[in-house]
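Student: dropping the sequence and predicted coords here.
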Amino acid sequence: MSKVNFYALKDQREDARLVFACRLAEKASSLGHKIHIHTDTQEEARRLDDLLWQFRPESFLPHQLLTESGPDGPVLITIGHQTDTLPPAEVLINLSSTGASFSDQFAIINEIVLGDDASLRAGRESYRVYRDAGHELTSHRIS
């Protein structure tokens, strides 16, 4: 079973969620993990791709935006919205409203929940789905 981390942000802005996803990707890549960041749409994937290019001026997070054919070659961080081209990775940063259907492919799953009511409801539902599937769950409150 996978280990699922829920990160509850007080912030309600979608940009805060994307920035926190960059922080998680930076941490996981520094530990040598392959990471896939899953989004709901191609537009959101592109926004995250742009953000990763400029996330920290003093460092670079090598990443690739996936197309329908999957990754072009070996890279630590991939970003995509389609579930049929998921690359092999240890860590999933799930920014999608769904994820339980393919979560068994990853050792570590990170869910980021914003502080607004809709995001909290969706986070609770995801928590139940992962719990019922037998995953190890941990919650973190981020100020």
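Tutor: Good, I have the coordinates.

Student: which residues of this structure score low on pLDDT?
Tutor: Along the chain, the model assigns pLDDT under 70 to residues 59, 68-74, 99-100.

Student: residue 134 looks like it's in a helix, true?
Tutor: No: Residue 134 is assigned coil when assessed by DSSP: H, G, I helix; E, B strand; the rest coil, not a helix.

Student: quick check: most distant residue from the centroid of this structure.
Tutor: Residue distances from the centre of the chain (CA atoms, centre = their mean) peak at residue 58, which lies 22.7 Å from the mean C-alpha position.

Student: helix, strand, or coil at that residue?
Tutor: Here residue 58 is coil, with the state taken from three-state DSSP.

Student: from residue 26, how far out is it?
Tutor: Residue 58 sits 11 Å away from residue 26, going by CB to CB, to the nearest Å. (Glycine included, C-beta is placed from N, CA and C.)

Student: before we move on, what about residue 106?
Tutor: From residue 106 to residue 26 the distance is 18 Å (CB to CB).

Student: show me what contacts the closest residue to residue 76 other than its chain neighbours?
Tutor: If the residues on either side of it in the chain are set aside, residue 76 comes closest to residue 29, at 4.9 Å by CB to CB, 6 or more residues apart in numbering. Neighbour list for residue 29: 35, 61, 62, 76, 77 [criterion: CB atoms under 8 Å, 6 or more residues apart in numbering].
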